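*Asks:* Give me the fold of what follows.
(4 chains)
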Protein chains: 2
Amino acid sequence: MTVEDSIASLTETLKLLSDKTRLTIVALLREREMCVCDIVDILETTQPNISQHLKKLKAGGIVNESRRSPWIYYSLNVEDKPYLWDLLNQLPSMKDKIDAHKPNSCC
Amino acid sequence: MTVEDSIASLTETLKLLSDKTRLTIVALLREREMCVCDIVDILETTQPNISQHLKKLKAGGIVNESRRSPWIYYSLNVEDKPYLWDLLNQLPSMKDKIDAHKPNSCC
DNA sequence: TGATTATATAATTGTATGATTATATAATGG
DNA sequence: CCATTATATAATCATACAATTATATAATCA
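*Replies:* A predicted model of the protein is given here:
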């Protein structure tokens, strides 16, 4: 791989993480896998917004999806990217946000 | 710091690094400090383009500047951000690019 | 002091992209 | 099968932002 390609590839990965909504999703998935409706509830945004961000994260290999109908669960997939571990450990705990949402759980 | 602020702050740092030109500058500065004209030559772009990217990197605390007239040297400043180290180690060596530029050195 | 070199700033432009709104698909349950 | 729920996709819009062009500042040197 050329120097340019190598930098371009890292740029793309970082671009995925350098959006507030997506980085919050990643922070949430660090706690546990979640379905779309969980994330929509916790982030208080629209479902298409979350779906599209998840699509990008999936295309970039950051998350995995597993269908357990009628829900689709997303989980973090960074085991193969150890250079991101320290970075993602900087993310704050989302336990409080997740707990606050639990009562009116959607799935 | 709130969860939101903490994520926003990390987002801003990642945004700085998730641009091809800026990440290439960072890769170059990993090898050694450089003046603006060095970077312009190696990246084959315009001087204002590089100046503006350097300004952002400096505002984000990623680089330091030191004036040694008539040149201004920029150097990497990530000692205080260890969570970026592994990430930046992913950057390819720029030695060849730097060597290719050396002959017609500008400063 | 005037010319040149190094760099910064300002203004403009084009493109990328995040959010929203609307609609489609997919699965489940009556 | 029809209604409902969960999610995806498409289209639109507004904003952010990278690159360029033009100009300004700062320092050196003749």
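
*Asks:* rest of the way, CA atoms for contacts and neighbours
*Replies:* Noted.

*Asks:* Helices of chain A, start to end?
*Replies:* Using DSSP state H, the helices of chain A run over A:3-17, A:20-31, A:36-43, A:47-59, A:85-89, A:95-101.

*Asks:* Of the ones you listed, which stretch is the most buried?
*Replies:* Neighbour counts (mean count of other CA atoms under 10 Å in any protein chain shown) averaged over each of these peak at helix A:20-31, with a mean of 21.

*Asks:* Determine if any part of it is in contact with DNA strand C.
*Replies:* Yes: residues of helix A:20-31 contacting DNA strand C under CA under 7 Å from any atom of the strand: A:20-21.

*Asks:* and that helix, what other elements does it pack with?
*Replies:* If you count contacts as 3 or more CA pairs under 8 Å, 6 or more residues apart in numbering or on different chains; DSSP states H and E, helix A:20-31 packs onto helix A:36-43, helix A:47-59, strand A:71-76, helix B:3-17.

*Asks:* Average pLDDT for the third one, rounded please.
*Replies:* Mean per-residue pLDDT for strand A:71-76: 97.

*Asks:* Is DNA strand D within reach of that strand?
*Replies:* Yes: under the criterion of CA under 7 Å from any atom of the strand, strand A:71-76 makes contact with DNA strand D via A:71-73.

*Asks:* Could you export the helices and strands packed on helix A:20-31 as a markdown table, including distance to DNA strand C?
*Replies:* Listed next are the helices and strands packed on helix A:20-31 as a markdown table, based on distance: least, CA to the nearest atom of the strand, whole Å:
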| stretch | distance to DNA strand C |
| --- | --- |
| helix A:36-43 | 10 |
| helix A:47-59 | 4 |
| strand A:71-76 | 8 |
| helix B:3-17 | 10 |
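
*Asks:* for the ones you listed, which one sits closest to B:T24?
*Replies:* Closest of the helices and strands packed on helix A:20-31 to B:T24 is helix B:3-17, at 9.1 Å (criterion: CA to CA).

*Asks:* Now that closest one - C-alpha only, CSV.
*Replies:* Extracted in CSV, the C-alpha atoms of helix B:3-17 (Å, rounded to 0.1, in the frame of the first residue of the first chain):
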residue,chain,number,x,y,z
VAL,B,3,-20.6,13.2,29.0
GLU,B,4,-21.7,15.4,26.1
ASP,B,5,-18.7,17.8,26.6
SER,B,6,-16.3,15.0,26.9
ILE,B,7,-17.5,13.4,23.6
ALA,B,8,-17.6,16.8,21.9
SER,B,9,-14.0,17.5,22.9
LEU,B,10,-12.8,14.1,21.5
THR,B,11,-14.8,14.7,18.4
GLU,B,12,-13.0,18.0,17.8
THR,B,13,-9.6,16.4,18.2
LEU,B,14,-10.5,13.6,15.8
LYS,B,15,-11.9,16.1,13.3
LEU,B,16,-8.5,17.7,13.2
LEU,B,17,-6.9,14.4,12.3
